[in-house]
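Trainee: pasting the structure only:
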C-alpha cells in the first residue's frame with residue numbers, strides 16, 4: 001500500500017494513532033518548499049510508503065526559527081520556551097520510528113534555519129530517542145554536500161539513533177528540481193535509502209519485541225577542570 005506524503009506548516013497534524021504502519025518524519029530544511037531538497041525527500045518518502053512506512057513532512061526552511069538560548073526552561077516546562085514549529089513537531093518526532101532531515105548546502109554546511117530547529121528539537125524534548133532511525137538527505141548545486149551531511153548525522157549519533165545508509169551518500173545535485181530529475185544516480189541512491197530505512201525500522205521493531213532495548217548507563221559526567229582552582 002502506498003501512503004501519501006503529507007506536509008505540515010503552521011498547523012499541527014498528528015500521525016493516525018490507529019495506524020499499524022511504521023512512521024517516519026521528513027524534515028524539509030529548504031526555504032523552497034518545492035525545490036531540490038523537497039524533490040529528494042519525495043523520492044525517499046515514496047519508497048518508504050511503498051514499503052508500508054507512513055510519512056509526514058514538515059517544511060522548516062520557510063519558517064522563522066530562532067536558535068537555542070540555553071535557558072534550560074525546557075527542563076521545567078517539558079517543551080521549548082519559544083512556542084513555535086519546534087513544539088509543534090515534538091509530538092510527531094516522539095511518535096515516529098525514524099526521521100529524515102533534508103537540507104540544501106550553504107557554504108558547505110546545512111541551512112542555518114534547520115540547524116536552529118534541530119538544536120532546539122533535540123535538546124528540548126524529554127523523550128528517549130534511542131533506536132529511532134535517522135537519515136540525512138542533502139542537495140547541492142555542485143559541492144560541499146558531504147560536510148552538511150556529516151553535520152546532520154551528528155544529531156543522531158549523540159542520541160543513540162541508528163543511521164540508515166545507502167549505496168552512496170544521500171545527496172542529489174542540481175540547481176532546480178528539473179536538474180534533480182536528471183540526477184538518476186542520486187534518485188537511485190535515495191530509493192535505496194528508503195528501502196534500507198524501512199528494513200532497519202522493521203528489524204528494530206522485531207528486536208524490541210524479542211530482545212528488549214539495550215541497557216543504558218547514566219550519571220557519570222567528566223569535566224576536566226573538576227577540583228582544580
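Mentor: Noted; the coordinates are in hand. All values reported here derive from a predicted model rather than from experimental measurement. Numbering: from 1, shown residues only.
Trainee: What segments of this protein are helices?
Mentor: Assigned by DSSP state H, the helices in the chain fall at 36-50, 74-77, 85-95, 112-124, 145-157, 177-182, 184-211.
Trainee: Now tell me what touches the second one from outside.
Mentor: Pointing back at helix 74-77 there. Residues from elsewhere that reach helix 74-77 (CB atoms under 8 Å, 6 or more residues apart in numbering): 80, 81, 123, 124, 125, 126. All C-beta spots, glycine's among them, are computed from the backbone N, C-alpha and C.
Trainee: how does it look with 6 Å?
Mentor: 80, 124 (CB atoms under 6 Å, 6 or more residues apart in numbering).
Trainee: If we go by neighbour counts, what in that helix is buried?
Mentor: Residues of helix 74-77 classed as buried: residue 74 (neighbour count, 16 or more other CB atoms under 10 Å).
Trainee: Of the helices of the chain, which is nearest residue 67?
Mentor: Closest approach to residue 67 among the helices of the chain (CB to CB): helix 112-124, 4.2 Å.
Trainee: Relative to the whole chain's centre, how far out is that closest one?
Mentor: 11 Å (CA atoms, centre = their mean, to the nearest Å).
Trainee: now it: mean pLDDT?
Mentor: In this model, helix 112-124 carries a mean pLDDT of 97.
Trainee: now swap in stretch 208-222 and tell me
Mentor: 90.
Trainee: swap in stretch 168-175?
Mentor: 96.
Trainee: before we move on, the earlier item: of the helices of the chain, which approaches residue 29 most closely?
Mentor: The closest of the helices of the chain to residue 29 is helix 112-124. By CB to CB, the value is 2.8 Å.
Trainee: Residue 167: what's it in contact with?
Mentor: Contacts here follow CB under 6 Å, 6+ apart; on that basis residue 167 touches 189, 192.
Trainee: Can you say which of the helices of the chain is packed in most?
Mentor: Neighbour counts (mean count of other CB atoms under 10 Å) averaged over each of the helices of the chain peak at helix 36-50, with a mean of 24.
Trainee: now this structure, which segments are flagged as low pLDDT?
Mentor: Low-confidence segments of the chain (pLDDT under 70): 1-20, 225-229.
Trainee: before we move on, the earlier item: can you put the helices of the chain in TSV and add distance to residue 24?
Mentor: As requested, the helices of the chain are exported to TSV (distance: least, CB to CB, whole Å):
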stretch	distance to residue 24
helix 36-50	6
helix 74-77	24
helix 85-95	10
helix 112-124	15
helix 145-157	13
helix 177-182	20
helix 184-211	7
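Trainee: quick one: contacts for the closest residue to residue 157 other than its chain neighbours?
Mentor: Nearest in space to residue 157, with sequence neighbours left out and distances taken as CB to CB, 6 or more residues apart in numbering, is residue 163 at 7.1 Å. Residues near residue 163 by CB under 6 Å, 6+ apart: 134, 153, 156.
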